[in-house]
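Engineer: Turn this into a model:
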Amino acid sequence: MFRSLASADYRIWFVGALVSNIGAWMQATAQNWVVLTELTANDALAVGITMALQFAPQLLLVPITGLIADRFERRRILMVTQTCLMLLGLALGLLLIFGHAQLWHLYGFALALGIVNAVDTPARQTFVADLVSGSDMSNAVALNSASFNAARMIGPAVAGLLIVLVGSGWVFVINAATFLAVLVSLWLLRDMKVRRMPRVSSRGQFVAGFRYVAGRPDLVIVFVIVFIIGAFGMNFPIFSSTMAVEFGRGAGEYGLLNSIIAIGSLTGALLAARRERARMRVIILASGFFGVAALLAALMPTFWTFAASTILIGFGAVTILTTANGYVQTTTEPDLRGRVMALYMAILVGGTPIGAPIVGAVAAQWGPRWALGVAAIAAGVAALIGLGWLVFARGMHLARHPQVGWRPVLQFADAPTAAIAVIPTRPVHVVPAQPRPVPEDFSEQVALTSPIALPRHPLADREASTHDATHDPTHHVPPHHEPLPPEVAHHAPSQHEPSRHVAAPRPRSSHEPRPSNAGCRPAAD
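Structural biologist: As a prediction, this is how the structure comes out:
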């Protein structure tokens, strides 16, 4: 379950991100409570507009932000974006502390936060691929989700307590301080060995992610499911804040609802970490489960029964998101992962500007229970879309178990997760292995009778070549007044010394005629 933590780089990032996520959930809780109770008179529509401004930039800037994540070093991108987020939280916190904050300030803050997050999110999501091996990527994504939801258990509860004790402005200031943890972790990772991003050209790269997703029907179905549930089902700030007011509760109970829902979210993330790979059928089943949980929450009569039902909502939501995130990342080509993940996050949070105002208007007009009913209907539609795709595109059908006749099993004409097993790769030229020579059988008789070649002395080679040259009819004999070579001059007889034959005998074959002594001067007495 925790195999990705074996990497030292991932451990450093995990701890820093956990601290920062706690602060982010504190800020999100305080932001929605300020809009709902301090700057408006329980106006759920204003909360929906704030969420729309915060998440709209991720939808509008998706071609640019995805290309940034694929083209530049992600650690440096995160250093810049995390610093900007820290400064934004500090500025809004000071406005609230000194009593100068107005509603349009919150709208502007939400828009600026959305622009920075549009660049930060795809880089942060794909940064995991730089920290762990490909086989551990799905586990690392699930652990990231577990960290996010563990912070979701702690952050809202701490925010609700701090709002009561010191005021909402200090929550933003404390969140700004938590960004130091992730900045320190990024600084500690400065020497890590990461895969350098390819310098892709700008022409055609803005739409490369769109073309890739359009050619993958399974990704299209995942994006449709995530869009529907993200737009109409993931509006937890609206559900929690309006239901807390519906039951006559305050900021403390509102923060407690966000922490309780995180119990189910953390459970779903840990169960996703246990799975070896993400599967399409898990996404579809979790969508149906989420719809049933939202319907049950809408029918709960008391605050505490509603709080207990949010555990099921959190479990279903995180199972959908974690599995979909892992499926997209592990089945996408590495060179396009940043752009595809930017499109995925834009679909996920970009649906909020469409769905949040609608859900907020329903909650303001007919009550928060009807808003939960909208979430239940949306989840049911998403599950039916995925189920229809499995039946008509992948040939899913019921069949008899091969061993237990009464037990039905699901079979597919084409496996729905086939793409996860085979990621498209480029061909690599492999030099064929040369056949290794087979040694002959050892024979002692052959070894004793085989000739052994020995190296000849260089002087003997030169003398032999000289001897061969003197018997060559085409060889030119220099006249007596020409200087002789040193080795010949050394062995030539002087006037006072009788001449003697000093040439080394040359090996002669049996078919070579014996040389005649004619022409040889007899030796002097």
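
Engineer: Please enumerate the strands of the stretch 301-450 of the chain.
Structural biologist: Chain-ordered strands for the stretch 301-450 of the chain, with DSSP state E, counting those that start in this stretch as the definition, fall at 397-400, 408-411.

Engineer: Now the residue nearest to I311 when sequence neighbours are not counted: phi and psi?
Structural biologist: Excluding its sequence neighbours, the residue lying closest to I311 (C-beta to C-beta, 6 or more residues apart in numbering) is G264, at 3.8 Å. C-beta here means a position set from N, CA and C on the backbone, and glycine is covered the same way. Backbone torsions for G264, taken as degrees, to the nearest 10, come to phi -70, psi -40.

Engineer: burial of G264, as a residue count?
Structural biologist: Number of residues near G264 (other C-beta atoms under 10 Å) recorded here: 24.

Engineer: next one: R274
Structural biologist: What R274 shows, counting by other C-beta under 10 Å, is a neighbour count of 9.

Engineer: any idea how far it is from T322?
Structural biologist: As defined by C-beta to C-beta, to the nearest Å, R274 lies at a distance of 11 Å from T322.

Engineer: With R281 instead?
Structural biologist: In terms of C-beta to C-beta, R281 sits 15 Å off from T322.

Engineer: So which of the two has more stuff around it?
Structural biologist: More neighbours surround T322 than the other of R281 and T322, with 31 against 17 (other C-beta under 10 Å).

Engineer: The more buried one contacts G268, doesn't it?
Structural biologist: Yes. Assessed by C-beta atoms under 8 Å, T322 is found in contact with G268 at 6.7 Å.

Engineer: got the buried residues for whatever helix or strand S240 lives in?
Structural biologist: When elements are assigned from DSSP states H and E, S240 belongs to helix 236-246. Residues of helix 236-246 classed as buried: 236-245 (neighbour count, 16 or more other C-beta atoms under 10 Å).

Engineer: List the residues that contact V184.
Structural biologist: G16 (C-beta atoms under 8 Å, 6 or more residues apart in numbering).

Engineer: try 10 Å this time
Structural biologist: 12, 15-16, 19 (C-beta atoms under 10 Å, 6 or more residues apart in numbering).

Engineer: for G23, same thing?
Structural biologist: 85-86, 89, 151, 155, 158-159, 171-172, 174-182.

Engineer: Quick one, which of these are buried?
Structural biologist: Counted by 16+ other C-beta under 10 Å, the contacts of G23 give 85-86, 89, 151, 155, 158-159, 171-172, 174-176, 178-179, 181-182 as buried.

Engineer: List just the nearest of those residues to H100.
Structural biologist: F172 (13.3 Å; C-beta to C-beta).

Engineer: related to what we said a few turns ago, may I see the buried residues of helix 236-246 arranged in CSV, with distance to L94 as well?
Structural biologist: What follows is these, written out as CSV (distance: C-beta to C-beta, whole Å):
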residue, distance to L94
F236, 28
P237, 23
I238, 27
F239, 30
S240, 27
S241, 24
T242, 29
M243, 31
A244, 27
V245, 28
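
Engineer: Go through these and name the one nearest I377.
Structural biologist: Nearest to I377 among the buried residues of helix 236-246, with distances taken as C-beta to C-beta, is F239, at 14.5 Å.

Engineer: coming back round to it: any common contacting residues for R274 and T322?
Structural biologist: A142.

Engineer: Tell me the spacing between G48 and A346.
Structural biologist: Counting by C-beta to C-beta, the gap from G48 to A346 is 19 Å.

Engineer: just to revisit the earlier point, show me the one of the strands of the stretch 301-450 of the chain that comes nearest W304.
Structural biologist: That would be strand 408-411 among the strands of the stretch 301-450 of the chain, by C-beta to C-beta, at 38.4 Å.
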